[in-house]
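S.K.: Requesting a structural model of the entry that follows:
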Amino acid sequence: MSEVQVFRPRMTIRQVSLIMVLTSVVAPVMVYPYTGWSHGGVQVEHYQVYAMVWYYGAVYGGYGEYSVGIRFFDPLMMLSTIPVTVPVLLFALAVVRYCQGRWHMAKLLAMGVVSIIIPLMAGISYMVYFATVSSFAYAGPVPIHFIVGAVLIKIARIRPVAPWDDSADTEPWWIEEGY
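M.R.: Predicted coordinates for the structure are as follows:
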């Protein structure tokens, strides 16, 4: 009789869920580095980073003024980032469901692409605007959640295990039961 090998996952579903939720909520979703010209021909640099629960902004003006600010749990910022953070949270849910064996890879990849395309589409409008005022700006997603999800899928996928070892069976069940 052969020995049945039982697959033991490296991570539990709770661990995968916790990592994906923390990554989705805390990791940056969008960045806006912007360099342009202010009134009077002065070069200005803006750096903004958005996450679901925090925001970082830094401005450097050509006259030597410099301001930095970080905000946590700002209701206005949290509301303004909903269009780009909801797909990220849905991707986190998709990763957990895939690790449970309840989703297919095609659905997971589609959700991952949507979670990156929506922030990119939101950023394109900013890039077009900044390009019209002759300045440089990248406004787009930071796919940290996508990378973390891919790593978790690779190491934490729970594979279905056969509940029996059929190598010991000699005859089909319908012959054994007399059908």
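S.K.: got any ranges where the chain has weak pLDDT?
M.R.: 1-9, 62-65, 134, 157-179 (pLDDT under 70).
S.K.: For it, which segments are assigned as helices?
M.R.: With helices called from DSSP state H, the chain shows them at 13-26, 75-80, 82-99, 105-132, 144-156, 173-176.
S.K.: Which of those sits closest to Tyr32?
M.R.: Judged by C-beta to C-beta, the one of the helices of the chain that comes nearest to Tyr32 is helix 105-132, at 6.6 Å. Glycine gets a C-beta too; all of them are placed from N, C-alpha and C.
S.K.: which parts of that closest one are buried?
M.R.: 108, 111-112, 115-116, 118-119, 122-123, 126-127, 130 (16 or more other C-beta atoms under 10 Å).
S.K.: report the angle between the axes of it and helix 144-156?
M.R.: 160 degrees (axes from the mean of the first three to the mean of the last three C-alpha atoms, to 10 degrees).
S.K.: Return stretch 54-68 as CSV; C-alpha atoms alone will do.
M.R.: The C-alpha coordinates for stretch 54-68 follow below in CSV (Å, rounded to 0.1, in the frame of the first residue of the first chain):
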residue,chain,number,x,y,z
TRP,A,54,-2.7,58.2,4.2
TYR,A,55,-1.4,60.9,1.9
TYR,A,56,2.0,62.4,1.5
GLY,A,57,2.7,65.6,-0.3
ALA,A,58,5.9,67.7,-0.8
VAL,A,59,6.3,70.9,-2.7
TYR,A,60,9.6,72.7,-3.5
GLY,A,61,9.4,76.1,-5.0
GLY,A,62,12.1,78.0,-6.8
TYR,A,63,12.4,80.7,-4.1
GLY,A,64,13.5,78.2,-1.5
GLU,A,65,10.2,77.5,0.1
TYR,A,66,9.6,73.8,0.9
SER,A,67,6.6,72.2,2.5
VAL,A,68,6.0,68.6,3.4
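S.K.: That one: which residues count as buried?
M.R.: Those would be 54-55, 57, 59-60, for stretch 54-68 by 16+ other C-beta under 10 Å.
S.K.: contacts for it?
M.R.: Here stretch 54-68 makes contact (C-beta atoms under 8 Å, 6 or more residues apart in numbering) with 26, 38, 42-49, 69-74, 77.
S.K.: For ChimeraX, what selects the buried ones among those residues?
M.R.: A single ChimeraX command selects the buried members of the contacts of stretch 54-68 (16+ other C-beta under 10 Å):
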select :44,45,46,48,49,77
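S.K.: any chance of the helices of the chain in CSV, with distance to Tyr138 too?
M.R.: Below are those laid out as CSV (distance: least, C-beta to C-beta, whole Å):
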stretch, distance to Tyr138
helix 13-26, 22
helix 75-80, 19
helix 82-99, 15
helix 105-132, 7
helix 144-156, 16
helix 173-176, 63
